[in-house]
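> heads up, no residue letters with this:
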């Protein structure tokens, strides 16, 4: 058992329907980000860097690629003796045809036996679909210092956006006195990040009671946290300062990628003290052609650029042909923009080709255009 006496459980079963065609065949946490990463690399790397070496990844929807990806725990340094990343699909049938977790709490309830194997004092519950760097060991130290039953990581959001989140209202000591799910008139701007530390003995008891409750949603936000507050348990808000992005929509995923070319970006992927580990792809170095025109771009290995790239992010093995223009856009792994094509304010999905002379997206569009199917050009 690790030095923190804490097991981490990553909730990675979300469908990610607001990402549309990007999640037709892969789970949201397996979606590509930042040139060469996958979203799930962030919570897994945070665990490794925080000294947590037992991690359960709870998968569900379109999980084949995600399962095989996280099963290779060595890429995060989580493959030593008595450590590892464990893939935990649903075990109970929630309806006649589908194996699913009924809610976030049910996902943990179905894996009580797994957690009990390690006899942890604490359990860390994480969402698998956010981009951020956090030292969970510091959060655990705060949990212990406050003698908390549960600690919830929160981040200050603009008040005008607070109604989109679960909001924690606290007293002057940081103790949570009220939890409001997406309140119309928020009293505070402390938004839950979906990161919880529980004292396992208490949480286990709560989960067993929740499983027997026919009226429960089996959800942390809707059931477990309100029940703890009703029982006057000690819940504290851990205030996180730093970069955190929920990449649940095409626009927010585009924004998170574009943040990487902002010189003031708080997410330093080059920080040697807090590395984000990922799969090492065997591709050639990037190639920039003699007539290429590049301004302010994030270009990953394997890319071939012979045209114009401005204010854009190119993932592994993306290609921009001569005479093509890529402006304010994100090209995901293997995307190709052929001769004379113009891509503006768009996110081009893995392996998609934009044909010769085709025009995709617009500088005036309010939303980012997702291009998930081949765009035919001049034949």
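All right, it came through fine. None of these values were measured; they are calculated from a predicted model. Numbering: from 1, shown residues only.
> show me what contacts the nearest residue to residue 244 once chain neighbours are set aside?
Closest residue in space to residue 244, ignoring its immediate chain neighbours: residue 132 at 4.1 Å, by CB to CB, 6 or more residues apart in numbering. For glycine as for every other residue, the C-beta is placed from the backbone atoms N, C-alpha and C. Counting by CB atoms under 8 Å, 6 or more residues apart in numbering, residue 132 touches 42, 46, 193, 240, 242, 243, 244, 245, 267.
> And the residues you listed, which of them are buried?
42, 46, 193, 240, 243, 244, 245, 267 (16 or more other CB atoms under 10 Å).
> Let me know the closest of these to residue 212.
Proximity of those to residue 212 (CB to CB) peaks at residue 193, which lies at 29.2 Å.
> just the helices in the stretch 151-300 of the chain please.
For the stretch 151-300 of the chain, the helices defined by DSSP state H, counting those that start in this stretch occupy 200-211, 225-230, 250-258.
> Save the ones you listed as JSON lines, and put in mean neighbour count too.
Converted to JSON lines, these look like this (neighbours: other CB atoms under 10 Å):
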{"stretch": "helix 200-211", "mean neighbour count": "17"}
{"stretch": "helix 225-230", "mean neighbour count": "16"}
{"stretch": "helix 250-258", "mean neighbour count": "20"}
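> In CSV, list those along with distance to residue 90 and mean pLDDT.
Listed next are the helices of the stretch 151-300 of the chain as CSV, based on distance: least, CB to CB, whole Å; pLDDT from 0 to 100:
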stretch, distance to residue 90, mean pLDDT
helix 200-211, 14, 94
helix 225-230, 22, 93
helix 250-258, 26, 93
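> So for residue 107, which of the ones you listed sits nearest?
Closest among those, once you apply CB to CB, is helix 200-211, at 10.2 Å.
> and that closest one, what does it pack onto?
When contacts are defined as 3 or more CB pairs under 8 Å, 6 or more residues apart in numbering; DSSP states H and E, helix 200-211 packs onto helix 104-109, helix 112-116, strand 122-127, helix 225-230.
> hey, which of those is tucked in deepest?
Among those, judged by mean count of other CB atoms under 10 Å, the one packed with the most neighbours on average is helix 104-109 (a mean of 25).
> Can you show me the strands along the stretch 151-300 of the chain?
Using DSSP state E, counting those that start in this stretch, the strands of the stretch 151-300 of the chain run over residues 166-170, 176-181, 190-199, 235-239, 244-246, 287-288, 293-299.
> Would you tell me which one of the ones you listed is buried the most?
strand 190-199 (a mean of 23).
> can you tell me which of the strands of the stretch 151-300 of the chain comes nearest to residue 308?
strand 293-299 (4.4 Å).
> Give me the distance between the residue nearest to residue 244 and residue 209.
According to CB to CB, to the nearest Å, residue 132 stands 32 Å off from residue 209.
> got it, and residue 253?
Residue 253 is 38 Å from residue 209, by CB to CB.
> next one: residue 348
48 Å.
> Out of the contacts of residue 132, the closest to residue 281 would be?
Of these, the one sitting nearest to residue 281 (CB to CB) turns out to be residue 42, at 17.8 Å.
> Go ahead and list the helix or strand containing the closest one.
helix 41-49 (DSSP states H and E).
> So which elements touch that helix?
strand 6-11, strand 54-58, strand 122-127, strand 130-132.
> Which one of those lies nearest to residue 160?
strand 130-132 (20.8 Å).
> Do me a favour and average the pLDDT over the next helix or strand after the closest one.
Following strand 130-132 in sequence order, the next helix or strand is helix 136-145 (DSSP H and E). Mean per-residue pLDDT for helix 136-145: 96.
> Next secondary structure element downstream of the helix or strand of the chain with the lowest mean pLDDT?
Every helix and strand of the chain was ranked by mean pLDDT, DSSP states H and E. The lowest is helix 64-71, at a mean of 70. Per DSSP H and E, the first helix or strand lying C-terminal to helix 64-71 is strand 84-87.
> so how far is that following strand off the chain centroid?
Strand 84-87 sits 17 Å away from the centroid of its parent chain (CA atoms, centre = their mean, to the nearest Å).
> Also stretch 350-359?
28 Å.
> quick one: buried residues of that stretch?
350, 352, 353, 354, 355, 356, 358.
> Name the residue closest to the centre of the protein, please.
For the chain, residue 129 is the residue whose C-alpha lies nearest the centre (CA atoms, centre = their mean; 2.1 Å).
> Quick check: that one touching residue 29?
Yes. Using CB atoms under 8 Å, residue 129 makes contact with residue 29 at a distance of 5.3 Å.
> Point out where this structure drops to low pLDDT.
1-4, 13-18, 61-65, 71-75, 77-83, 91-99 (pLDDT under 70).
> Contacts only, for residue 294.
By CB under 8 Å, 6+ apart, the neighbours of residue 294 are 288, 305, 308, 309, 310.
> repeat that with 6 Å
Counting by CB atoms under 6 Å, 6 or more residues apart in numbering, residue 294 makes contact with residue 309.
> how near is it to residue 311?
Residue 294 is 10 Å from residue 311, by CB to CB.
> what does residue 30 give?
The value you get for residue 30 to residue 311, if CB to CB is used, is 27 Å.
> Compare those two (neighbour count), which wins?
For residue 30 versus residue 311, neighbours defined as other CB atoms under 10 Å are more numerous around residue 30 (27 against 15).
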